[in-house]
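*Asks:* Got a sequence here, can you model it:
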Amino acid sequence: MGTANGLFDAKKTASLLGVSESWVRRHRRELPTVEVGRLVRFDPQLLRRQFQGRTEPGNRLKPERTVPMGFKRYQRGSVLRRGSKGKQMWYGMWREDVPNPDGGFTRRQRNVKLGPLSELTNKAMALERLAILMNQKPTTRQVFEELFERWKAAVVPTIKDSTSDTYIYNLKSYIVPAFGNRQVSEISRYDVETFLADKAKLYCRNTLRGMRASLSRVLSWAVACDWIGKNPCAGVRLPLAGSKVKRTILTLQQVVAIASRLEEPYSTLVIFLAAAGSELERPSGPSRPV
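*Replies:* Coordinates of the predicted model:
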């Protein structure tokens, strides 16, 4: 087959995109085409705009293959029904381009549970459910501690020292110990609410407000970077809490241990403050006659 008026046939289009002719024919409705009589031709200029890179030939699913930035692969995915009689379940599989925190994309194979046969009674309904999931924006795979370090490097230099010090203190003291090893994309609103509810047993509302603001600031930056779809802190209300912080009273052994690690005059100062504080912390009661 030849070309006409600068348009490409299926063979030249496949060569341009680095795919097979059968792939071009299967996806011709998704490509910029022009009808020339009874023939279908492809516009090479629009193809180059649509595909800013080349795919590797072949149809094997490679979950961690790096693909060029901006390339979008058209696909429907596939569905499979598994399970014993009466408990059958639909599963879906497709590939998506996941953005890397350091730039570029990585191709990842996704396998998800779509729903039971009692809910999705035929293959068309399963494919429709799969199409909804495929249209959701992919999220970047990184744990919160990595996100925190990237945020410190990129955002902290742009804000006031006093503000950044408060954020960093809250993040290091409360947030990273709780969420540091969690995938950022897996942190949900429920996780944030239960975290704050647990901290409300020990801290006042102002401290809880600082925790929520610090966590939200980092996650909002992740949304702006297109690493997650939404901020799970959005709309989260603070739990009820006391107005005062529950203080921990040090024992004599703990005071001595702290003082022994300090140089003078700080060692003596710690012992003096502990002694003065112990006098103030005596329980009140009826005074004895002298």
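*Asks:* quick one: low-confidence parts of this protein?
*Replies:* Low-confidence segments of the chain, defined by pLDDT under 70: 1-5, 37, 50-76, 96-105, 133, 135-140, 242-247, 277-290.
*Asks:* try 50
*Replies:* 1-2, 53-74, 279-290 (pLDDT under 50).
*Asks:* In a helix, Leu262, correct?
*Replies:* No: per DSSP: H, G, I helix; E, B strand; the rest coil, Leu262 lies outside any helix segment and is coil.
*Asks:* Go ahead and confirm it touches Val256.
*Replies:* No: using CB atoms under 8 Å, Leu262 is not in contact with Val256, being 11.1 Å away. Placement of C-beta: from N, CA and C, glycine included.
*Asks:* any shared contact partners between the two?
*Replies:* Residues touching both Leu262 and Val256 (CB atoms under 8 Å, 6 or more residues apart in numbering): none.
*Asks:* Off-centre distance for stretch 216-225?
*Replies:* A distance of 9 Å separates the centroid of the chain from that of stretch 216-225, by CA atoms, centre = their mean, to the nearest Å.
*Asks:* what sits up against that stretch?
*Replies:* Contacting residues not belonging to stretch 216-225 are listed as 101, 140, 144, 147-148, 151, 154-155, 167, 171, 175, 184, 187, 228-234 [CB under 8 Å, 6+ apart].
*Asks:* Recalculate using a threshold of 10 Å.
*Replies:* Applying CB atoms under 10 Å, 6 or more residues apart in numbering, the set of residues contacting stretch 216-225 from outside is 99, 101, 139-140, 142, 144, 147-148, 150-152, 154-155, 159, 163-164, 167, 170-171, 175-176, 179, 184-185, 187, 192, 227-234, 236.
*Asks:* For PyMOL, what selects the buried ones among the residues you listed?
*Replies:* Those of the contacts of stretch 216-225 that count as buried under 16 or more other CB atoms under 10 Å are selected in PyMOL with:
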select buried, resi 99+139+140+142+144+147+148+150+151+155+164+167+170+171+175+176+179+184+185+187+192+227+228+231+232+233+236
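*Asks:* List the ones among the contacts of stretch 216-225 that fall in helices.
*Replies:* 144, 147-148, 150-152, 154, 163-164, 167, 170, 176, 179, 192 (DSSP state H).
*Asks:* Which two among those residues are spaced furthest apart?
*Replies:* Spanning the widest gap among these are Ala154 and Val192, at 22.6 Å by CB to CB.
*Asks:* So which residues of the stretch 101-250 of the chain form strands?
*Replies:* 105-116 (DSSP state E, counting those that start in this stretch).
*Asks:* Report the buried residues of stretch 199-210.
*Replies:* For stretch 199-210, the neighbour count (16+ other CB under 10 Å) marks Lys199, Ala200, Tyr203, Thr207, Leu208, Gly210 as buried.
*Asks:* OK, contacts around the first one?
*Replies:* Going by CB under 10 Å, 6+ apart, Lys199 touches Tyr174, Ala178, Thr207, Leu208, Met211, Arg212, Pro239, Ala241.
*Asks:* Buried ones among those residues?
*Replies:* Those of these that meet the buried threshold are Tyr174, Ala178, Thr207, Leu208, Met211, Arg212, Ala241, by 16+ other CB under 10 Å.
*Asks:* Out of those residues, which comes closest to Gly83?
*Replies:* Distances from Gly83 to these, taken by CB to CB, are shortest for Ala178, at 36.9 Å.
*Asks:* middle-most residue in this protein, spatially?
*Replies:* Per CA atoms, centre = their mean, the C-alpha nearest to the average position across the chain is that of Ser185, at 2.5 Å.
*Asks:* these two touch, right, that one and Gln142?
*Replies:* Yes: using CB atoms under 10 Å, Ser185 is in contact with Gln142, at 8.4 Å.
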